[in-house]
Structures are given as structure tokens and as C-alpha cells.
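Novice: How does the following fold in three dimensions:
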Amino acid sequence: MIQVIAKNLAIFDVLYHPSDMEHDRTRQEDHAASLLRERGMMRLSEFLREGITSATISRMEQKGLLNQLSRGLYQLPDAPLDANHTLAVAAKLVPNGVICCDSALAFHELTDRIPPLVWVAIGPREWRPRIERPRIQIERFGPKVFDKGLECHTIENVPVRIYSPAKTVVDLFRNARIQHAVYEATGGGFVHATQAMKEALRLRKTTPAEIARFAVEAGIWEKIVQPRLEALTVDA
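Specialist: This next block holds a predicted model:
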């Protein structure tokens, strides 16, 4: 009987030797760090798909080997930060979203304003996420405008979808119209959109033809965008 117990203990020691467990932990930590260097930032679900356990991620966070940017989103502590860092974070947290409106305007350097939150567009049937940080303003775009004018930029190794300058200008006009109609807002939104259009044309980041095309698709060409665009081009 004693011999049987001793044999079982020996087998247990072979199968579950502490050094083997520590080796597996180290291997997972090294793999997680390597992936983060390659991808910039990752969600917990991405680590799990790579065979890295949540316990490993939690342990790495406790050791200071990675930082939690938001719930379930991680980055290496020494990762270089881009000026558009929050756009990359938003892209990971809302993977089906597109950076839009004031955030897209700032990315394209068409305004001096620094948006206090990140504007992200989602499709008509997309789930609206609840995110504590960073502050994200979710805008739901209809099917006729959501997939138009998409550009893909890389920020901190993260692919980030952002609307083009022309599409962004038209979205600002479209939002201004909604605000004016629904909330009886003043014309501040139209002034903001017109200034953005003026700057985009001045810096040659778009053309009147591009703006017109997106405005026609959005159904705001004749009454809203056309008169303002014609006024700008005549003044120029």
C-alpha cells in the first residue's frame, strides 16, 4: 500500500512539478508581451484566443508588466504613445465603429479644438457599448452614410477606421441639421461645419466635388451644403 502511494506521488510530481508550472506562466507572459509589442494594445478576448489565460493577464498587471487602459484592454507600460492615442483605444473598444465628427476633424488637422471626448459612429444595428473610459460619444449612422468615406489609419500599431475629410465635413452639416430640427438649436453647428469645410478646402484635403458627392448621398446637398459651398468658392 505504501509503495502504491509513493508511486502515485512520484507521478504527481512529474505531471505537476512546480518548475513546469512556472515555466508555463513565464512562457505565457513572454507570449503576451510579444503580442502587445506587435499589436500595440489588446483586449482580453484576444489574449484568450491566443491561449493566454485571464489569470496570466491579471498576474502581469499586478507585476506592472502591462497597463489596463480600459476594462479588458491592455498595453505595455513602455509602449510609445501617439498624439491620437485615445482614437486607437476607442477603435479597440468599438471594433465596428468609425472615428467621426469632431474627432475625425481633429485627426485631419482641420480644427484647433481638442475634443473632450472621442466621437465614434456605429451602424444602425450595432450594439451600443457602455464604456467608462475614455469618454466616448457614440453616434448611430444610417445605412446610407455609415459605410461611405472610410479611411484606415494605423495608430500605435492599431488599425483605426476614420472618415475622410470630405465625409467628416458633410457629417457635421448633417448633425447640425438634426440638432436644429430636433432641439431648435441655434446655427452654431452650421457655422462650425462651414468653418471646417473652408479649412479643408484651403488645405486641399478635399475638393468641392468630393463634398458635393457625400452631401448628395446624405440628402443634404441642395438646401444645406450647396449654398454654403458656393459662397466659399465664390469668395475664394
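Novice: Leaving out chain neighbours, which residue sits closest to Glu139?
Specialist: Residue nearest to Glu139 in three dimensions, not counting chain neighbours: Ala121, with 4.9 Å by CB to CB, 6 or more residues apart in numbering. Where C-beta positions appear, they are placed from N, C-alpha and C, glycine not excepted.
Novice: residue closest to the middle of this protein?
Specialist: Nearest to the centroid of the C-alpha atoms of the chain, with distances taken as CA atoms, centre = their mean, sits Ala91, at 1.8 Å.
Novice: how many other residues sit next to the residue nearest to Glu139?
Specialist: Here the neighbour count serves as a burial measure; for Ala121 (other CB atoms under 10 Å) it reads 24.
Novice: Repeat that for Arg130.
Specialist: Tallying neighbours of Arg130 according to other CB under 10 Å, which is how burial is gauged here, yields 8.
Novice: What of the one 3 residues further on?
Specialist: The local packing of Arg133 (other CB under 10 Å) involves 12 other residues.
Novice: Check the gap between it and Arg71 for me.
Specialist: Separation of Arg133 from Arg71 (CB to CB, to the nearest Å): 8 Å.
Novice: Skipping its backbone neighbours, what lies nearest Leu76 in space?
Specialist: Among residues not flanking Leu76 along the chain, Leu36 sits closest, at 4.8 Å (CB to CB, 6+ apart).
Novice: Now that neighbour: which helix or strand?
Specialist: In this structure, Leu36 sits in helix 18-39 according to DSSP states H and E.
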